[in-house]
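Q: coords please:
(one chain, ligands or ions: 1)
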Amino acid sequence: MAFGGDYSPEQWSEDVWTDDVALMRRAGVNSVNLGVFSWGLLEVADGVFEWGWLDRILDLLHEGGIGVNLATPTAAPPIWLLRAHPEIATVDERGVRTSQGGRLAWSPSSATFRRYALRMVRALAERYGEHPALRLWHVSNELGNENARCHSDETAVAWRRWLEARYTTVDAVNDSWGSAFWGHHYASFAQIEPPRFARGGHNPGLLLDFERFSSDALLEHYVAERDVLREVTPDIPVTTNFMIMSYTQVDDYARWAEEVDVVANDHYTMSADPFRHAELSFSADRTRGIAKGDPWLLMEHSTSAVNWQSINRAKPPGELARNSLAHIARGADGALFFQWRMSTAGAEQFHSGVVPHAGADSKIFREVEALGATMKRLAPVVGSRVQPARVAILFDHDSASALSFGRMPSDLVAPQDLPKRMHRAFTARHIAVDVVPSTADLSEYALVVLPTLYVVSNAAADRIAEFAQGGGHVVVSYFSGIVDDTNRVRQGGYPGAFRDLLKIRTDEFFPLVEHETVELDNGWVADLWTESLELRGATALTAYRSGEMADVPAITRATAGSGTATYLATRLNDAAMLHFVDELAELAELPVIADADAGLELVRRVGPDTSFLFAINHTAHSLTVRQGGTDLISGSRHDASVEVPAGGTVVVMS
Ligand code: GAL
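A: Numbers count the residues shown, from 1 in each chain. Next comes the predicted model:
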């Protein structure tokens, strides 16, 4: 199991490095991300390289038996480069150019930036490609975090080129975007601009394409760095750290995953989210989904508080280990922290680290040390895969993007909201779920869920219908299948892509205002959304008892070939969602991961002839999982059941 974190020794004098390596050994660290933001200290002036400090720390880490994920330092362009070439920086919607002082200030469409970055990458690879500590290349850092979208003139040229490659003629663009409305007709590609500041809102087709272009532009930069690394060091794997749950990110990671040797993700919990451990599980399942089930790496998470939310909650005892182990349970073969030693100066002074301001005599360091020992005991788990689920939640980046553009029936339909709620309900019932893009192979699933899958291509709609015809069970929620992949609304009644499959038709949406609820005639409570749905061959499972839609069906089901198609026209509250999941589990004969008390989070990883059942206790009392085996963490053997202490985790090997 990879264990360790981001290490920024450049912040410290070299005597601290010796202490660090000793503490790393004590904590069982075997893997650090090095050099992530160090370009300005390695190339101190244009073409002038100073490697001394990096040579010394790499040797020191190697002597300590610690492997290095060496970062190309391109996430932070040096001050001299930004001053010589301010045009490499991103420009926002209002034409404001990013200044020096932060990080990721560069535009992926800047040819000048690309030239300097690749020269740096080549120099680094040539110098350290054979260093015995080198395990993995870590390209840049969270590409798209601070540089997701650029609106510069140079970007505009790249954007037009991208459109031309996609559409060939400008009339095809006009048709796709419906640019006749508001008189936006374009006579040439040269007239098209990035979505710069405009009043009244941009065309949604343009916005969706600009998101795709921006993802591709960043991906192209990643690929350019990766190709230099592959050329110089063909045997060293290459990755970059994704941030799969970020609301503002632009990267379509299902596509990015094809270009990395191992999928790596960063994850941070949100202080204000009461379901933060469920959100973490959703994130980990999504990461595994784009990794196509292969083991992946948790490149960053925090030991405790971060410093970028308005209130940065610290993790109470035990949460650090539960968080790390939940990622491992869901397919990570390692868990690393940002960052090793908490900064005293610089932009992240109050971000937790492994070694806090208080030093190693601290709760956090002690917990990391204990976790390091656990990680060693989990070695047999490495390389095993999460047992394939029978349920898939479809989650696409296009839908998430399009849902965030606003000017829709309800801004409360947030891209991750329903997917997370449904994932949480299946997880609470100990039913394994995969979270996969709609391009995934669905053939092994019994149940496929489309929670607010707003953008659906014809090809995806056909595959989903075929899945049901072939005996699968499909659940479609409100506001799914509404637009095609050009972001144009499908005509003839909602939900256009699935009206025939579901045997229903809606002619108008009736979203509810915030905090308004409706009751269903089976006693369930729902909110957020209702619609004037008519049955066209489906049966109503329940209808609204109250509200403007009283007596209108709220959940429907139709037969589809040898399968079924269920429509959920409203957002169930948590209690109702659990009942709904119970009902679906019966319909699709979904197995539970193991027989266990409620409150335990269960995941099973399987090797060729071994099973590893992870049971994580998120409650304040001890709970039981009824399966025998050896708990890898405590080493104890159990015949028929294992007790999981309050806040603790067991990994039952059998
Ligand atoms: C990540 C980033 C790290 C660090 C961390 C703090 O997004 O990659 O460099 O800033 O956030 O939580």
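
Q: make it CA atoms for all contacts and neighbour counts henceforth
A: Noted.

Q: Count the neighbours of whichever residue of the stretch 301-450 of the chain sits closest to the ligand for me.
A: Proximity to the ligand, evaluated over the stretch 301-450 of the chain using C-alpha to the nearest ligand atom, is greatest for residue 306 at 5.3 Å. Residue 306: 25 surrounding residues under other C-alpha atoms under 10 Å.

Q: What is the three-state secondary structure of the closest residue to it other than its chain neighbours?
A: Leaving aside its chain neighbours, residue 306 sits nearest to residue 351 (4.6 Å; criterion: C-alpha to C-alpha, 6 or more residues apart in numbering). Using DSSP: H, G, I helix; E, B strand; the rest coil, the structure places residue 351 in coil.

Q: Residue 351 contacts residue 303, correct?
A: No: with contact defined as C-alpha atoms under 8 Å, residue 351 does not count as touching residue 303 (9.2 Å).

Q: Name all residues that make contact with residue 228.
A: Each residue near residue 228 by C-alpha atoms under 8 Å, 6 or more residues apart in numbering is listed here: 118, 121-122.

Q: now residue 182: how far from residue 200?
A: Going from residue 182 to residue 200 by C-alpha to C-alpha, to the nearest Å gives 10 Å.

Q: same check, this time on residue 241
A: Applying C-alpha to C-alpha, the value for residue 241 to residue 200 is 36 Å.

Q: out of those two, which sits in the more crowded spot?
A: The residue with more neighbours, out of residue 241 and residue 200, is residue 241; 22 against 7, by other C-alpha under 10 Å.

Q: Tell me which residues touch the residue nearest to residue 306, please.
A: Residues counted as contacts of residue 351 (C-alpha under 8 Å, 6+ apart) are 305-307, 342-343.

Q: Among these, name the ones in strands.
A: If you go by DSSP state E, those have nothing in strands.

Q: Give me every residue in the stretch 201-350 of the chain lying close to the ligand.
A: With C-alpha under 6 Å from any ligand atom as the criterion, the stretch 201-350 of the chain meets the ligand at residues 306, 338.

Q: Tell me which stretches of the stretch 201-350 of the chain form strands.
A: All strands of the stretch 201-350 of the chain, identified by DSSP state E, counting those that start in this stretch, fall at 238-239, 241-242, 264-266, 296-300, 332-337.

Q: What pairs with the first one, parallel or antiparallel?
A: Strand 238-239 has its sheet partners listed here by DSSP bridges as strand 134-138 (parallel).

Q: What mean pLDDT does the strand it pairs with get?
A: Strand 134-138 comes out with an average pLDDT of 98.

Q: Downstream of it, the next helix or strand is which one?
A: Sequence order places helix 153-167 as the next helix or strand after strand 134-138, per DSSP states H and E.

Q: buried ones in that following helix?
A: For helix 153-167, burial by neighbour count (16 or more other C-alpha atoms under 10 Å) applies to 153-163.

Q: what do you get for stretch 34-44?
A: Buried residues in stretch 34-44 (16+ other C-alpha under 10 Å): 34-44.

Q: longest helix of the protein?
A: Counting residues, the longest helix found in the chain (DSSP state H) is helix 204-232.

Q: now it, how far from the chain's geometric center?
A: Mean-position distance between helix 204-232 and its chain equals 17 Å (C-alpha atoms, centre = their mean, to the nearest Å).

Q: and if you look at stretch 325-342?
A: 14 Å.

Q: End to end on it, go ahead and measure it.
A: Using C-alpha to C-alpha, one end of stretch 325-342 lies 22 Å from the other.

Q: Now that stretch: average pLDDT?
A: 98.

Q: Return the set of buried residues in that stretch.
A: Those would be 325-342, for stretch 325-342 by 16+ other C-alpha under 10 Å.

Q: give me every residue that touches residue 414.
A: Residue 414 sits next to 403-404 when contact means C-alpha under 8 Å, 6+ apart.

Q: Roughly how far does it sit from residue 480?
A: Distance from residue 414 to residue 480, by C-alpha to C-alpha: 13 Å.

Q: quick one: the most centrally placed residue in the chain from residue 252, how far?
A: For the chain, the residue nearest the mean C-alpha position is residue 244 (1.9 Å; C-alpha atoms, centre = their mean). Per C-alpha to C-alpha, residue 244 is found 9 Å from residue 252.

Q: Okay, and residue 393 sits in which element?
A: For residue 393, the enclosing helix or strand under DSSP H and E is strand 391-394.

Q: what does the helix or strand just after that strand contact?
A: Downstream of strand 391-394, the first helix or strand assigned by DSSP H and E is helix 397-403. Helix 397-403 is contacted from outside by 204, 207-208, 211, 250, 252-253, 413-416, 452-456, 487, using C-alpha under 8 Å, 6+ apart.

Q: Restricted to buried residues, select these in PyMOL.
A: To isolate the buried members of the contacts of helix 397-403 in PyMOL, using 16+ other C-alpha under 10 Å:
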select buried, resi 204+207+208+211+250+252+253+413+415+416+452+453+454+455+456+487
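
Q: interface residues of the chain facing the ligand?
A: Residues of the chain that fall close to the ligand, judged by C-alpha under 6 Å from any ligand atom: 141-142, 306, 338.

Q: Pop the domain breakdown of the chain in here.
A: Per the record, the chain has its domains at 391-588, 600-653, by automatic domain parsing.

Q: Of these, which is nearest residue 375?
A: domain 600-653 (8.5 Å; C-alpha to C-alpha).

Q: Residue 521 and the ligand: what is the separation?
A: Distance, residue 521 to the ligand, using C-alpha to the nearest ligand atom, to the nearest Å: 46 Å.

Q: Not including adjacent chain positions, what is the nearest residue to that residue?
A: Closest to residue 521 by C-alpha to C-alpha, 6+ apart is residue 545, at 5.0 Å.

Q: Pretty sure that neighbour sits against residue 551.
A: Yes: with contact defined as C-alpha under 8 Å, residue 545 reaches residue 551; the gap is 6.0 Å.

Q: what's the spacing between residue 553 and residue 478?
A: The value you get for residue 553 to residue 478, if C-alpha to C-alpha is used, is 13 Å.

Q: likewise residue 140?
A: 39 Å.

Q: and what of residue 603?
A: Distance from residue 603 to residue 478, by C-alpha to C-alpha: 29 Å.

Q: State the next helix or strand along the chain beyond the strand or helix carrying residue 366.
A: Secondary structure assignment for residue 366, by DSSP H and E: helix 363-377. For helix 363-377, the succeeding helix or strand toward the C-terminus, using DSSP H and E, is strand 385-386.
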